[in-house]
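Visitor: predicted model follows, preceded by the sequence.
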Amino acid sequence: MNLVVVSNRVARGKANEPMTGGLAAALLPVVENSGAIWVGSSGSLCEGNREPFAEMESLGSGALALLDLPAAHYGGYYEGFANSALWPAMHSRPDLIRATRDDYASYREVNAFMARALLRFRKPDTAFWVQDYHFLALGEELRALGVAAPIGFFLHIPWPARHVIGAVPHARELIEAMLAYDLIGFQTAEDLENFLGYVQHEFDLPVHDGVILSRRGRTRAAVFPIGIDVELFAQHAAKSVSHPEVSRLRRSLNGERLAIGVDRLDYSKGLINRIRAFDRMWSERPSLLRTASLLQIATPSRGTIEAYGNLQSEVAKLVSDVNGRHGEIDWTPIRYLNKGYGQAVLAGLYRTAQVGVVTPLQDGMNLVAKEYVAAQNPADPGVLVLSKFAGAANELDTALLVNPNDIDGMARTIATAFAMPLAERRMRWEAMMATLRRGTIQQWFANFVEELQDTQIDKSAMPSLMPDTPALWSRHSAPAGARMH
Ligand code: ADQ
């Protein structure tokens, strides 16, 4: 089979280059070794109505195909519909949805543009695997161009409750478009249930064992929890103790215990609540002043979107307030860095910290939680404090699970983590490592591709099972400037 993987962003990163973004970080090691072609945005834009042209680069045994996306639609597609309507809704923040009708039109245009670009990679045995919320409608666009090949889709972020996804303008149309996929993968059983619940309730379609029957044919929906390259991370961590940045961190600690947080600066990651919990902990347990600190690495992300700009200022102000309140002339409670690190250095930083704090309000999986565990020293592992609202909590159930909305509870749990005896730390860590080894990124990739091959059927031969709904949206009908909200 000739596999074509599609995502908005592709990764060319090496172990010594920063990789901020779970999708790119996760896919790189597996796509590299699979011989697949990985198609995504080049990061540059093209003017006018140029037809898609892809710049090719080799990537391991396969290739990267980099596309210049259309300048006229990129903002509406990326900052607009994808990240100001779909992202907030899927993280259960419908209050943050901001999208115009033009944004939706641009989102559809970019999906259609990508579909045309993909035709160039079609061979008789090609299967397409589309990644994430940027391309919910790409399968439908490919079918409209006559593509009958298997097309799979994986959602890296959560799928919310029915009324929340229903708050996205054009939700119904988009979800109907998703039924053009043969296989749809989710991170957790709850995401899958929410999706199937929507389809059953809104379309009144039969669903059996995760298979939806619609006038577009059969669509199988299933759970594929994403993993990491556990052994690679463990090796990076063991080796990078001597890396200059890691040694400098170690030397600076002087016996003090360290907690680490590593996130994109995103409102879904629960940074504000985490910092408030540390603030509470230091207020209530003065013995942890000067003896336990936090290293928070937060890489700026999507800064042109208002909600992200506001968050950057809010986090910076809160860190400064907390440092002002608890700091001493020779002690800073929170070291706050807005930069990225290569994965090898990051692994060494994780290993240096006795506590990993991963406290999202909502998260598809959260790879940082898995990376922190994989990077630990088996003889003296650290403790993971993990939000129960991260997909990873389903698997890493011997972490100390917290509710990130309960600041007091988090403060107590972080203090417990700092004080945990070695025997308990080892027991919890060994259980988590065993889980991570059972579900690596390599297995995730192989499982999805195998299932995609199995779901290959002739969709055109399927009877009409969904009542025909007129297309609510036409690419050519959106009046410029009309606002949906
Ligand atoms: P993200 O929201 O980007 O991913 P996450 O899963 O934590 O979240 O992945 C972040 C990745 O970027 C990790 O590999 C991490 O090491 C790296 N990273 C983050 N900050 C960094 C920094 N400052 N320097 C270097 N590296 C940094 C989305 C979903 C998640 C899902 C993933 C994969 O939101 O829920 O787990 O996709 O499916």
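Guide: The structure has been received and is ready for your questions.
Visitor: count of neighbours near whichever residue of the stretch 101-250 of the chain sits closest to the ligand?
Guide: Residue nearest to the ligand within the stretch 101-250 of the chain (Cβ to the nearest ligand atom): His156, separated by 3.5 Å. No exception for glycine: its C-beta is placed from N, CA and C like everyone else's. Residues within reach of His156, counting by other Cβ atoms under 10 Å, total 23.
Visitor: secondary structure of it: a strand, I assume?
Guide: No - under DSSP: H, G, I helix; E, B strand; the rest coil, His156 falls outside any strand and is assigned coil.
Visitor: below-threshold pLDDT in the protein: ranges please.
Guide: 13-20, 456-485 (pLDDT under 70).
Visitor: residues from it in reach of the ligand?
Guide: 18-23, 25-26, 156-157, 226, 262-264, 297, 299, 340-341, 346, 363-368, 371 (Cβ under 6 Å from any ligand atom).
Visitor: of these, buried ones?
Guide: For these, a burial check counting by 16 or more other Cβ atoms under 10 Å picks out 19-23, 25-26, 156-157, 226, 262-264, 297, 299, 340-341, 346, 363-368, 371.
Visitor: and those, which of them are in strands?
Guide: When these are checked against strands (DSSP state E), the matches are Val262, Asp263, Arg264, Ile297, Thr299.
Visitor: tell me which two of those sit farthest apart.
Guide: Arg264 and Ile297 (10.1 Å; Cβ to Cβ).
Visitor: any idea how far the nearest residue to Lys339 once chain neighbours are set aside is from Val383?
Guide: Closest residue to Lys339 apart from its sequence neighbours, by Cβ to Cβ, 6 or more residues apart in numbering: Thr299 at 6.7 Å. According to Cβ to Cβ, to the nearest Å, Thr299 and Val383 sit 24 Å apart.
Visitor: turn the ones in strands among the buried ones among the residues of the chain next to the ligand into TSV, including distance to Glu231.
Guide: As requested, these are exported to TSV (distance: Cβ to Cβ, whole Å):
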residue	distance to Glu231
Val262	20
Asp263	24
Arg264	25
Ile297	24
Thr299	25
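Visitor: from the residues you listed, which is closest to Thr100?
Guide: Arg264 (25.0 Å).
Visitor: show me the beta-bridge partners of the closest one.
Guide: Thr299 (DSSP bridges).
Visitor: please name the residues that touch it.
Guide: Thr20, Gly21, Ala298, Thr299, Ser301 (Cβ atoms under 8 Å, 6 or more residues apart in numbering).
Visitor: could you do Pro300 as well?
Guide: Leu265, Tyr308, Gln312, Asn338.
Visitor: ok and the residue in this structure nearest the ligand?
Guide: Gly22 (2.3 Å).
Visitor: mind giving me the domain ranges of this structure?
Guide: Domains of the chain are assigned by automatic domain parsing as 2-226+442-477, 230-438.
Visitor: show me where the stretch 351-485 of the chain has helices.
Guide: 367-374, 407-419, 422-438, 441-454 (DSSP state H, counting those that start in this stretch).
Visitor: which helices and strands does the shortest one pack with?
Guide: Judged by 3 or more Cβ pairs under 8 Å, 6 or more residues apart in numbering; DSSP states H and E, helix 367-374 is in contact with helix 22-34, helix 230-239, strand 257-264, helix 343-352, strand 355-358, strand 383-387, helix 422-438.
Visitor: try 6 Å
Guide: Judged by 3 or more Cβ pairs under 6 Å, 6 or more residues apart in numbering; DSSP states H and E, helix 367-374 is in contact with helix 230-239, strand 355-358, strand 383-387.
Visitor: okay, the residue lying farthest from the centre of the chain and Arg290: tell me how far apart.
Guide: The C-alpha centroid of the chain is most remote from Ile329, which lies 39.0 Å away (Cα atoms, centre = their mean). Per Cβ to Cβ, Ile329 is found 11 Å from Arg290.
Visitor: also Ala434?
Guide: Taking Cβ to Cβ, one finds Ala434 at 36 Å from Arg290.
Visitor: and what of Gly60?
Guide: To Arg290, Gly60 is 48 Å away according to Cβ to Cβ.
Visitor: ok, Arg108 next?
Guide: 56 Å.
Visitor: and these two? Which one has more around it.
Guide: Between Arg108 and Arg290, counted using other Cβ under 10 Å, Arg108 has the larger neighbour count: 26 against 16.
Visitor: that one in helix, strand or coil?
Guide: Arg108 ends up helix, using three-state DSSP.
Visitor: and the longest helix for the chain?
Guide: helix 306-326 (DSSP state H).
Visitor: list the buried ones in it?
Guide: Ala307, Tyr308, Leu311, Gln312, Val315, Leu318, Val319, Val322, Asn323, His326.
Visitor: for the second one, which non-adjacent residue is spatially closest?
Guide: Leaving out its chain neighbours, the residue that sits closest to Tyr308 by Cβ to Cβ, 6+ apart is Arg302, at 4.6 Å.
Visitor: tell me the SS of that neighbour?
Guide: Going by three-state DSSP: Arg302 is coil.
Visitor: from memory it sits against Gly309, does it?
Guide: No - assessed by Cβ atoms under 6 Å, Arg302 is found out of contact with Gly309, at 9.0 Å.
Visitor: give the full set of residues in contact with Phe448.
Guide: Gly185, Phe224 (Cβ atoms under 6 Å, 6 or more residues apart in numbering).
Visitor: now the one 4 residues further on
Guide: With contact taken as Cβ under 6 Å, 6+ apart, Leu452 is in contact with Ala127, Pro150, Gly152, Leu183.
Visitor: winner for burial among the helices of the stretch 351-485 of the chain?
Guide: Across the helices of the stretch 351-485 of the chain, averaging neighbours per residue (mean count of other Cβ atoms under 10 Å) puts helix 367-374 on top, at a mean of 29.
Visitor: tell me what angle that helix forms with strand 257-264.
Guide: When axes from the mean of the first three to the mean of the last three Cα atoms, to 10 degrees is applied, the directions of helix 367-374 and strand 257-264 differ by 140 degrees.
Visitor: centre of the chain to helix 367-374, how far?
Guide: Chain-centre distance of helix 367-374: 14 Å, with Cα atoms, centre = their mean, to the nearest Å.
Visitor: angle of it against strand 383-387?
Guide: Relative orientation of helix 367-374 versus strand 383-387 (the same axes, to 10 degrees): 160 degrees.
Visitor: am I right that Leu384 is in contact with Val357?
Guide: No - with contacts counted by Cβ under 6 Å, Leu384 stays clear of Val357, the gap being 8.3 Å.
Visitor: those two: who's more crowded?
Guide: More crowded of Leu384 and Val357, by other Cβ under 10 Å: Val357, with 33 against 26.
Visitor: so what's the more buried one up against?
Guide: Contact analysis of Val357 by Cβ under 6 Å, 6+ apart lists Ala259, Gly261, Arg274, Val385.
Visitor: and if we set it to 10 Å?
Guide: Contacts for Val357 (Cβ atoms under 10 Å, 6 or more residues apart in numbering) come out as 259-263, 270, 274-275, 277-278, 294-296, 368-369, 372, 383-387, 400, 402, 404, 410, 413-414, 417.
Visitor: also Met90?
Guide: Contacts of Met90 by Cβ under 10 Å, 6+ apart are 133, 155-160, 164-165, 168, 191, 194, 268, 362, 364.
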